[in-house]
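> Fold the following for me, if possible:
(4 chains)
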Number of protein chains: 4
Amino acid sequence: MVKILGIDGSPRPYGNTRKALLLALEGAKREGADVEVLELYKLRVEPCLGCVSDDIKACRYPCPIDDDMKHVYEKVLKSDGIIVATPIYWYNVSGPVKNFIDRLTVFENMIFIDGRSWVEGKVAGFIAVGNDTGAIAVIQNLMSVFNSMGFAIPPWSLAYYTLQGDILEDEKAVLDSVNVGRAVALLAEVLKGCARPPKVWYRADKEYRSFSRLVARKIKEQVEKFLG
Amino acid sequence: MVKILGIDGSPRPYGNTRKALLLALEGAKREGADVEVLELYKLRVEPCLGCVSDDIKACRYPCPIDDDMKHVYEKVLKSDGIIVATPIYWYNVSGPVKNFIDRLTVFENMIFIDGRSWVEGKVAGFIAVGNDTGAIAVIQNLMSVFNSMGFAIPPWSLAYYTLQGDILEDEKAVLDSVNVGRAVALLAEVLKGCARPPKVWYRADKEYRSFSRLVARKIKEQVEKFLG
Amino acid sequence: MVKILGIDGSPRPYGNTRKALLLALEGAKREGADVEVLELYKLRVEPCLGCVSDDIKACRYPCPIDDDMKHVYEKVLKSDGIIVATPIYWYNVSGPVKNFIDRLTVFENMIFIDGRSWVEGKVAGFIAVGNDTGAIAVIQNLMSVFNSMGFAIPPWSLAYYTLQGDILEDEKAVLDSVNVGRAVALLAEVLKGCARPPKVWYRADKEYRSFSRLVARKIKEQVEKFLG
Amino acid sequence: MVKILGIDGSPRPYGNTRKALLLALEGAKREGADVEVLELYKLRVEPCLGCVSDDIKACRYPCPIDDDMKHVYEKVLKSDGIIVATPIYWYNVSGPVKNFIDRLTVFENMIFIDGRSWVEGKVAGFIAVGNDTGAIAVIQNLMSVFNSMGFAIPPWSLAYYTLQGDILEDEKAVLDSVNVGRAVALLAEVLKGCARPPKVWYRADKEYRSFSRLVARKIKEQVEKFLG
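As a prediction, this is how the structure comes out:
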């Protein structure tokens, strides 16, 4: 079984970013993954101090900053895949997502300490949600960053929604989001050596559309319950 | 006289980002500007709460978050131009720069309150410094963001340095940085109606090269004094 | 009087890209500009040969490639401002827009021949149109490119439309497009020294909205006539 | 055995872009791949006509444009992985690379014809080479594009070189390039079901460094022979 970690970079636990992330995680669960959500806005994650600029070997795990990244680090290490869901703030990730990314440098920079990035071979997926343009500007940054840390990226590992409505009502965005979770989970399994590659990555067949709609409805109810 | 605000988004007051910013501000001073540096890493600037997602009119100046942005807001409002200098962290700005940008939304979003962005017509310049690639990825994001808030961008309003050495030893990077300050100050004057447009924007003539070298030496001494 | 050149990078003379460009040019005309459209898909513009990689001084105006850029070069030189309108193809400009940009290197590279970019101080505006996301990814590339060649960028110098309908029916996109033309024309006048800076850049007042609607209707009729 | 197709988007068959691509292909060969280079500048590849804007089903394989893409299409279809090597022209790919990408839409758009992208599950790697900044701006665009077409991206699937010298003399850039080929070949094998995932993706051990140096020397000799 693979573990997929969902990173929620939005301040709204009832917003489209969270909904998209939950859709993806349901897609991952359907492939047998164990999933978990981390809400960055509920954690204290200080900005990176860029120690690496003074001394290439100064940046290493564990990071000297004493904050909630401690637990995040452990969860990232234990995960086989990670799905980053961010709101689009000024054609870019939110501040907490930026801090989260910068603080992951301690894993990547282990290259200079013990010869390998501690996140090499993990799998990544990306979700960007906003009210305006900017989705690809955000996602392309995330792709290049996580790939440069050593993450693999499965086919169609991106989903976005940039309209004003409820993402759960948008069939295409729902299907894309669920498929991100599916793809991340499947590639994580393949790279762990515990499954053969799928014949089809992106599923849009009748059965899967019906599953996606079901999942969207379930999340809608959860959010309504949450909002009281 | 125009006021140019320099935003330092690096944690190292003795690093290349700060040096590049100081170079730019010297370029601005030479054109008669009044300059000031704000060190984001010394301020408490919380992440944007994205109120605008719930209600387009909820995001307005003053921002409800009670932190050091209060003073930053005042300084931005009083400035005619702003130069953002950021270290390149994962092909992107640092976390504090991201928070600073997101929190500026209160000014831009005044469009929906009183019909205009409170930063419209101000001028912006951009500096990105790192040890690896990513300078243009950062700068192009900054350009599109500040232009979308209403800032004007003068010719050659960008400088970067992505090598391992001291930016002050790199003649091209020094000249580019000084010229960013020059261009921002000049356009700010023109747009305030207190000067005619210059015949030449980017100066690389003998006199200006000599001025740039002088300025680089001065900053080198300042930094050395700072480092003790 | 200033001359504003509109570059149409789309193969469809009746499509949203062209419509957006025409909107912008009407915005420019209203400020007294002389305007002209260049349709890249009707011209033969060969790819840049990258001579500069072999010898920094080998790239200079006139470009050795003998094709329709000859006329384009002359028009760019005579213009005071340029508005680039591109369809969004794979989160990027179209191929002909790419060739057009790369071939402009001969002007910028004159820095190494006679000390200055031949396009320094001209003004640029940007329009990106597609059926999906990617607008800002395209526009941010264009901004950083034209600014690096020496173009100035006025406030709000960008417009985009990424929905499936007719841009002329979208009030916000129409207003943004018209304002791009307005801003480019106004800054070109200011930088030529023949006008004072405007008090307001982006106009969304009643009179201007009414003008924008009028212009949209006029373009709609033109396109319908063209389509027969 | 897997087939890896190398796309050379540079006009210089002796330049750093080509050298980097050859390095990558040697890395792929070492893992048992069959490799081939396509030189875009030697082919006639017309710009995409954007048929999809008029009718979503109008864009399908075979593309109605009659040019050298015919052969390229066949080679892409037969390949298991593709490595795109582009010079950095204005923080972006070269014109021929842009046309190549846009013309691949016929494969991706088969989603709307027969339910799946014809390139889904293939693997992609990216190389960007220039004299200035812009590498990540280019690579992040390529990543998001190929991933959106259905390509998978292995860990560390990017290499770049943006200095003035010979890439073959730069140990880091050589190692990165060779590893791109290695990673693309390995993931292609895994996704084809004919190999288990490697324990290590990026190799920087002594044996591999020695292999990389050997390969660099071999390519140096080839290029010198070519240049006569």
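> Contact residues of chain A facing chain C?
A:91, A:133-137, A:140, A:160, A:162 (Cβ under 8 Å from any Cβ of the partner chain). Every residue, glycine included, has its C-beta placed from N, CA and C.
> ok, and of those residues, which contact chain D?
Answer for these near chain D (Cβ under 8 Å from any Cβ): A:136, A:140.
> Make TSV out of the residues of chain A next to chain C and add pLDDT, secondary structure and neighbour count.
Listed next are the residues of chain A next to chain C as TSV, based on pLDDT from 0 to 100; DSSP: H, G, I helix; E, B strand; the rest coil; neighbours: other Cβ atoms under 10 Å in any protein chain shown:
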residue	pLDDT	secondary structure	neighbour count
A:91	98	coil	27
A:133	91	coil	26
A:134	96	coil	27
A:135	98	helix	30
A:136	98	helix	30
A:137	98	helix	30
A:140	98	helix	29
A:160	98	strand	22
A:162	95	coil	21
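> how about JSON lines for the residues of chain A next to chain C, with distance to residue D:215 added?
Shown next, in JSON lines, are the residues of chain A next to chain C (distance: Cβ to Cβ, whole Å):
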{"residue": "A:91", "distance to residue D:215": "40"}
{"residue": "A:133", "distance to residue D:215": "43"}
{"residue": "A:134", "distance to residue D:215": "41"}
{"residue": "A:135", "distance to residue D:215": "39"}
{"residue": "A:136", "distance to residue D:215": "35"}
{"residue": "A:137", "distance to residue D:215": "36"}
{"residue": "A:140", "distance to residue D:215": "30"}
{"residue": "A:160", "distance to residue D:215": "40"}
{"residue": "A:162", "distance to residue D:215": "44"}
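> Quick check: of the residues of chain A next to chain C, which lies closest to chain D?
Minimum distance to chain D across the residues of chain A next to chain C is 3.8 Å, recorded for residue A:140 (Cβ to the nearest Cβ).
> right, and the closest one touches residue D:141 too?
Yes. The pair residue A:140 / residue D:141 is scored as a contact, 6.1 Å apart, by Cβ atoms under 8 Å.
> Now do the phi/psi pair for the residue sitting nearest the centre point of chain A.
Centroid-nearest residue in chain A: residue A:83, 1.6 Å away (criterion: Cα atoms, centre = their mean). With angles defined as degrees, to the nearest 10, residue A:83 sits at phi -120, psi 120.
> Okay, and the nearest residue to it once chain neighbours are set aside sits in which element?
Closest residue to residue A:83 apart from its sequence neighbours, by Cβ to Cβ, 6 or more residues apart in numbering or on different chains: residue A:125 at 4.3 Å. For residue A:125, the element it lies in under DSSP states H and E is strand A:123-129.
> what distance separates that strand from the centre of its chain?
For strand A:123-129, the separation from the chain centroid amounts to 5 Å (computed by Cα atoms, centre = their mean, to the nearest Å).
> Could you do stretch A:1-21 as well?
On Cα atoms, centre = their mean, the centre of stretch A:1-21 falls 7 Å from the chain's centre.
> could you dump that stretch to PDB, C-alpha only?
The C-alpha trace of stretch A:1-21 is given here as PDB (Å, rounded to 0.1, in the frame of the first residue of the first chain):
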ATOM      1  CA  MET A   1       0.000   0.000   0.000                       C
ATOM      2  CA  VAL A   2       1.200   3.500  -0.800                       C
ATOM      3  CA  LYS A   3       0.800   6.600   1.300                       C
ATOM      4  CA  ILE A   4      -0.300   9.800  -0.400                       C
ATOM      5  CA  LEU A   5       0.000  13.100   1.400                       C
ATOM      6  CA  GLY A   6      -2.300  16.000   0.400                       C
ATOM      7  CA  ILE A   7      -1.000  19.500   1.100                       C
ATOM      8  CA  ASP A   8      -3.700  22.100   1.400                       C
ATOM      9  CA  GLY A   9      -2.200  25.500   0.900                       C
ATOM     10  CA  SER A  10      -5.500  27.500   1.200                       C
ATOM     11  CA  PRO A  11      -6.800  29.300   4.200                       C
ATOM     12  CA  ARG A  12     -10.400  28.100   3.400                       C
ATOM     13  CA  PRO A  13     -11.200  24.500   4.500                       C
ATOM     14  CA  TYR A  14     -14.400  24.700   2.600                       C
ATOM     15  CA  GLY A  15     -13.100  26.300  -0.600                       C
ATOM     16  CA  ASN A  16     -12.400  25.000  -4.100                       C
ATOM     17  CA  THR A  17      -8.800  24.200  -3.400                       C
ATOM     18  CA  ARG A  18      -9.700  21.900  -0.500                       C
ATOM     19  CA  LYS A  19     -12.500  20.300  -2.600                       C
ATOM     20  CA  ALA A  20     -10.100  19.700  -5.500                       C
ATOM     21  CA  LEU A  21      -7.600  18.100  -3.100                       C
END
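> Run a quick neighbour tally on residue A:195.
16 (other Cβ atoms under 10 Å in any protein chain shown).
> who touches the closest residue to it other than its chain neighbours in this structure?
Once flanking residues are discounted, residue A:195 sits nearest to residue A:189: 3.7 Å by Cβ to Cβ, 6+ apart. With contact taken as Cβ atoms under 8 Å, 6 or more residues apart in numbering or on different chains, residue A:189 is in contact with A:2, A:31-32, A:80, A:195.
> Confidence-wise, which of those residues comes last?
Lowest pLDDT among those: residue A:195, with 95.
> Distance of it relative to residue A:155?
15 Å (Cβ to Cβ, to the nearest Å).
> May I have the residues that are in contact with residue A:75?
Taking Cβ under 8 Å, 6+ apart, one finds A:5, A:36, A:38 in contact with residue A:75.
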